[in-house]
Each structure stands twice: as structure tokens, then as C-alpha cells.
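In: 3D, please:
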Amino acid sequence: MNLYIFNQTRRGSVFGVGTYIRELSIAMKRHDLNIWVINLISEKPQIQIEEIDGIKYCYFPLAIADRRKTSDQEQWELYYRNVVYWLRLHIQDKEKLVFHLNFFESKKLAQELKVAFKCKVIAVSHFFDWGFVIYDNPKLLQSLLEKENPNDLEQKLQTNFKIEKDYYSTVDHIICISHYMKEMLCQYYQIGQNKVSVVPNGLSDMNETPSDIDTIRKKWHIPIKEKIILFAGRLDEVKGVLYLVKAFREVLKYIPNCRLVMVGSGDYDKCFRECKDIYSKIIFTGLLEKQELHKFYTIADIGVIPSLFEPFGFVAVEMMMHSLPIIVTATSGLNEVVDDNCGIKIPLTILQNKVEIDSSLLAEKIVWLLDHSTIAKQIGENGRKRFLCNYSTKIFGENMLHTYQSIEI
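Out: Numbering: from 1, shown residues only. Below is the predicted model:
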């Protein structure tokens, strides 16, 4: 099989989608596949090819647009057409071709590939664009899609939904990272059940024997006996960070000797405004290298993932990998990744036009878990077992290979 995985240099490639592509490449390298990673919108000045550990990487720079003659849409269509033209000239083995797309704006790319090759074009549904606007609120989605006189924001949502739907209708098969995503595709996007497979994401096991925990704490000037509550992810409203800060303020009333560590980049200003009276009890690290992040996983007492919408939840899997007891919201795909044995779940409050978290309930659960160390340890151990059984790279690779092979080329 000749597998071509398409990536784009954009926000998602730094976060979840980039992690997915990296882990997919690692997982499939174990099997007898010829693997290429095609990086679009690259910052490299010209088309370049390199090979690393048996995987070939091809980089296509973003074309210089001439908007005096063509629209943005026409520019993208030309860009995709030229990428496929280059591939048609340079792909030598055209047997058993699988093109694996990862971004929903790629309808034209899918069409060009199907014209140029005898192949299968597979799309992965990593997220829905509307999820970052209205969060986990399908009823609101339905009402907005049916609105006849939408405002600008609603019009944009309707337009992007149509772009997503057309894209998924164009490809040969769709892989969803959770059953939640499949249900949404089938019910709201009207995609047939047989066209969709569910393959949860996987991660390489990074739970190596850590350095002495006390030494790590001293390095970062964190008192040995201070409780650490860890958040890792983008500092966006969709991640529920403001609700977490509100909850942490309540936690401090009962457990003053604790600290909230927030790892990630994003909208700091809103967080600063929310925590103005508890600045000294919160650490904002910014975006960390994986090695540094994993050290925080080893020294934290609990992890909290208060997302308002989460199609899967890589951070939850990483925390479970490190046997870290977690508290999560029961939202979308995250509700599937974390079961009741390896985490405590907080229900979302879904109102007509918004989604909220009960910060008092979140604070209550944080205090309870910090106060019950024996139960917390068991929850962490259960999470580690769940990671090994369901979300390791080995399991992910086997499931992906089975899915590829089940689609006739």
C-alpha cells in the first residue's frame, strides 16, 4: 500500500492534528507501507523532499497569490491542482494508492486526486468548525442551520457547515476519532453509516521512569508539600479555562496550600482578568516542549480538563498514560475517552443559546479528589490500564491498518 498523508502548516498542525499525523506515521511505519507525509502551505521557499526514519516528507510552499486576477477560492483551486499535477509526475508506484486528508477545506484537493489517480481518498473528521463557536450544543446547531435571516456570525457558521458537508460527501471514506463525531456526521451531515469508521487516536507511551519528584519541584521552586492542579491545552474559552480559574478560587478556601499550573498558549488577558486576586497561586508556563510537559504530569496531584467541546482529548490520554487522576467534563468525545473508573466527570449545563460549567461543582470535585489520595491513586492506575488497552500507538496502528485494508482500492 502507498499511503500519502496530507498535513498543513496551520494552527491545528501544532496541536491535535499535528499530533495525530505524527502518531499515525509512527504507527504505520511498523507495517509494510510506503509512507509519504505531504506538507502543504509550507514555509520552505521551494518544493523539498526529505526522508527521516524511512518516511518521506514533501513540502509545498504557499503560492504567491495574485488577487488582481483571481479570487481566494480560485487561488486555492489552482494550488491544489498544481500539487496533484506534481504528484502525478513524481509518484512512481501507483498501485494501492490511499490519500489520507486531515482538513475539511480540502474538497477540491480530493476531487483532483480522484481524477488523477485510481485511488481511495480518506478523510479524518478531527473536529467540527461550529464546535469552537457554540460548543457541545447540537440543538443550537440545528436551529442556526435552519435560520432564514442569519446575522454575520450565523451566516459564517452556515457557510462553513456546507463546506464541511460537501467535503465529506466528496471523499470515499471517513474516519472519526470518536463515536460522538460519527453520530454528528450521520445525523446532521447526512452521511451514510457504512461510509464512516470510528478509530480512536493513539499515543506513543512516554511514561518513562521520572527523575526524583522532589528534585523537579525544587527546580521549579514549587514547595514539596504543595498540591498541584494541572491544566494543559490552549487558553481558549472552548477549553473552559475561565470556569477552572473560578473553581480554583473556591478550592483555595478549603485547601490554601495548592497551586494551579496552566500549560499552554492562548488568550492570557481573559485569564489574567479572572484571576486578579489569586495571581500568586497560578503558574502560566506558556507552550512547553513535550519533555517539560511530561515532567509536570509526573509531579501533579490531579489533572483537570474542563472543555466545553472536545472531539477526542489527547491531553486526557496523556494524563492517563502517566497515571494522573483526572477530572473532566462529560462532553462530546472526551466523555468516551475517560470512563468512570479513570476519572471524575462534570456534566455540562446546556442552555438554549450557550453551554456552561458549574464552577462550584468543579471546585467541589477538585477538593474531594485532593482529600482522597488513596482513591485518586487508584483512579490514576485505572487510567494507565485504559491507555494501554485502548489508546497506545500499537492499538491505533492495528485499527488504522484494518480500516485501510477494508476499503477496496
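In: name the helix or strand of this protein that has the lowest mean pLDDT.
Out: Among the helical and strand segments of the chain, the one scoring lowest on mean pLDDT, DSSP states H and E is helix 11-14, with a mean of 48.
In: quick one: low-confidence parts of the stretch 301-409 of the chain?
Out: Flagging of the stretch 301-409 of the chain using pLDDT under 70 yields the residue ranges 409.
In: strands of the stretch 151-300 of the chain, start to end?
Out: Taking DSSP state E, counting those that start in this stretch, the strands of the stretch 151-300 of the chain run over residues 173-176, 196-198, 227-232, 258-263, 282-286.
In: switch those strands over to TSV; also include mean pLDDT, distance to His402 and mean neighbour count.
Out: (C-beta placed from N, C-alpha, C; glycine too.) Output for the strands of the stretch 151-300 of the chain, formatted as TSV (pLDDT from 0 to 100; distance: least, C-beta to C-beta, whole Å; neighbours: other C-beta atoms under 10 Å):
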stretch	mean pLDDT	distance to His402	mean neighbour count
strand 173-176	98	11	22
strand 196-198	97	9	19
strand 227-232	98	31	22
strand 258-263	97	35	21
strand 282-286	95	39	16
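In: tabulate those strands in TSV, adding columns for distance to Glu336.
Out: Converted to TSV, the strands of the stretch 151-300 of the chain look like this (distance: least, C-beta to C-beta, whole Å):
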stretch	distance to Glu336
strand 173-176	11
strand 196-198	9
strand 227-232	19
strand 258-263	24
strand 282-286	29
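In: for Ile366, which of the ones you listed is the nearest?
Out: In this view, the strands of the stretch 151-300 of the chain are compared for proximity to Ile366 by C-beta to C-beta, and strand 227-232 is the closest at 6.3 Å.
In: how far is the helix or strand just after the least confident helix or strand of the chain from where the chain is centred?
Out: Tracing the chain C-terminally past helix 11-14 and defining elements by DSSP states H and E, one meets helix 16-29 next. Taking the mean C-alpha point of helix 16-29 and that of its whole chain, the gap between them comes to 12 Å (C-alpha atoms, centre = their mean, to the nearest Å).
In: now do the helix or strand following helix 16-29 against helix 16-29, angle only.
Out: Taking DSSP H and E as the definition, the helix or strand that follows helix 16-29 towards the C-terminus is strand 34-42. Taking axes from the mean of the first three to the mean of the last three C-alpha atoms, to 10 degrees, one finds that strand 34-42 is oriented at 160 degrees with respect to helix 16-29.
In: now the very next helix or strand once past strand 34-42, how far from the centre of its chain.
Out: Tracing the chain C-terminally past strand 34-42 and defining elements by DSSP H and E, one meets strand 48-52 next. Here the centre of strand 48-52 is set off from its chain's centre by 26 Å, with C-alpha atoms, centre = their mean.
In: what pairs with strand 48-52, parallel or antiparallel?
Out: Using DSSP bridges, the neighbouring strands of strand 48-52 in the sheet come out as strand 55-61 (antiparallel).
In: could I get the buried residue list for the partner strand?
Out: For strand 55-61, a neighbour-count test (16 or more other C-beta atoms under 10 Å) marks 55, 57-61 as buried.
In: same for the helix or strand following it, what does it pack against?
Out: Once the chain leaves strand 55-61, the next helix or strand it forms, by DSSP H and E, is helix 72-90. Contact partners of helix 72-90 among helices and strands, from 3 or more C-beta pairs under 8 Å, 6 or more residues apart in numbering; DSSP states H and E: strand 34-42, helix 107-116.
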